[in-house]
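A.B. asks: Here is my input; please provide its structure:
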Amino acid sequence: MNNDSTRTYAIAGIHTGIGKTISSAVLAEALNADYWKPVQAGNIEDSDSIFVRQHIRNTKTFIHPEQFLLKLAASPHQAAEAEGIEILLTDFKLPQTSNSLIVETAGGIFSPLNRKHTMLDLIKHLNIPVILISQNYLGSINHTLLSIHAMMNSGVKIEGLIFNGLYNSASEEYILEHSGINLLGRIDYSEILSKEFICKEAENLRSKLNEIRNQITY
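C.D. replies: As a prediction, the model looks like this:
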């Protein structure tokens, strides 16, 4: 899937509601990458795919359709069961594309995909590196380091960390020091999530991301 000029990343979060979709839009714009949300549970009329499509400017990004589009706003396993649907790991294959690809997971890394598997299992199944999204709140140091520890123990490659939202130097420095994970960048807090905001944040991240990509050999 990857070649010298393209990369595929799973966007994982330390918790639900910490900015994975905002970060995915910023990354898709920064890298002119395709976007794929394997499972959308709830908010079908205002889905994460729709948000990304509406908040980027480049014409190269293609929004791949969800594998599962579920009505109930709940964990994927509960939303699927409510509709009598069974989700299996084998249902998922990366979309065919010659472009870079951003794959947004749902919830945190241990959010259930089905009664047996989690988002971490999906990431391992797809066999792609992770960009972890963190946000500063009371308890976020613990959640971030536990997420990193779990992925490392599972053999998942972590490409780097993005902090989304309000800046907290004490928390961020502690996380970076104790995890050894690359800091890919920060996305500022904004009450208004406009296309202009997403594109500005993408421009801020682009140089750092390209610099890190050029240093990595697979």
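A.B. asks: Just give the number of residues close to Glu203.
C.D. replies: A count of nearby residues for Glu203, using other Cβ atoms under 10 Å, gives 12. The C-beta positions use only the backbone N, C-alpha and C, and glycine is treated the same way.
A.B. asks: Next, find the distance separating it from Leu132.
C.D. replies: The gap separating Glu203 from Leu132 is 22 Å, by Cβ to Cβ, to the nearest Å.
A.B. asks: Ile85 versus Leu145, what's the distance?
C.D. replies: 34 Å.
A.B. asks: of these two, who's got more company?
C.D. replies: Leu145 (17 against 14).
A.B. asks: Can I take it that that one is in a helix?
C.D. replies: Yes. Using DSSP: H, G, I helix; E, B strand; the rest coil, the assignment for Leu145 is a helix.
A.B. asks: so who does it touch?
C.D. replies: Residues in contact with Leu145, defined by Cβ atoms under 8 Å, 6 or more residues apart in numbering, are 175, 178-179.
A.B. asks: likewise Leu27?
C.D. replies: Per Cβ under 8 Å, 6+ apart, neighbours of Leu27: 9, 11, 33, 102, 131, 202, 205, 209.
A.B. asks: now the helices: where do they sit in this structure?
C.D. replies: Taking DSSP state H as the test, the helices found in the chain are 20-31, 48-54, 76-82, 119-126, 140-153, 169-179, 195-215.
A.B. asks: Out of the ones you listed, which gets the lowest mean score?
C.D. replies: Within those, confidence is poorest for helix 195-215, with a mean of 82 (mean pLDDT).
A.B. asks: mind listing what's buried in that helix?
C.D. replies: 197-202, 205-206, 208-209 (16 or more other Cβ atoms under 10 Å).
A.B. asks: helices or strands next to it in the packing?
C.D. replies: Judged by 3 or more Cβ pairs under 8 Å, 6 or more residues apart in numbering; DSSP states H and E, helix 195-215 is in contact with helix 20-31, strand 158-164, strand 183-187.
A.B. asks: and Asp188, which of the helices of the chain is closest to it?
C.D. replies: helix 195-215 (6.6 Å; Cβ to Cβ).
A.B. asks: just the angle between the closest one and strand 158-164, please?
C.D. replies: Taking axes from the mean of the first three to the mean of the last three Cα atoms, to 10 degrees, one finds that helix 195-215 is oriented at 150 degrees with respect to strand 158-164.
A.B. asks: Report the angle between helix 195-215 and helix 20-31.
C.D. replies: 70 degrees.
A.B. asks: one step back: of the contacts of Leu145, buried ones?
C.D. replies: 175, 179.
A.B. asks: Closest to Thr97 out of the contacts of Leu145?
C.D. replies: Distances from Thr97 to these, taken by Cβ to Cβ, are shortest for Ser179, at 30.7 Å.
A.B. asks: Leu176: how many residues sit nearby?
C.D. replies: By other Cβ under 10 Å, neighbour count at Leu176 equals 15.
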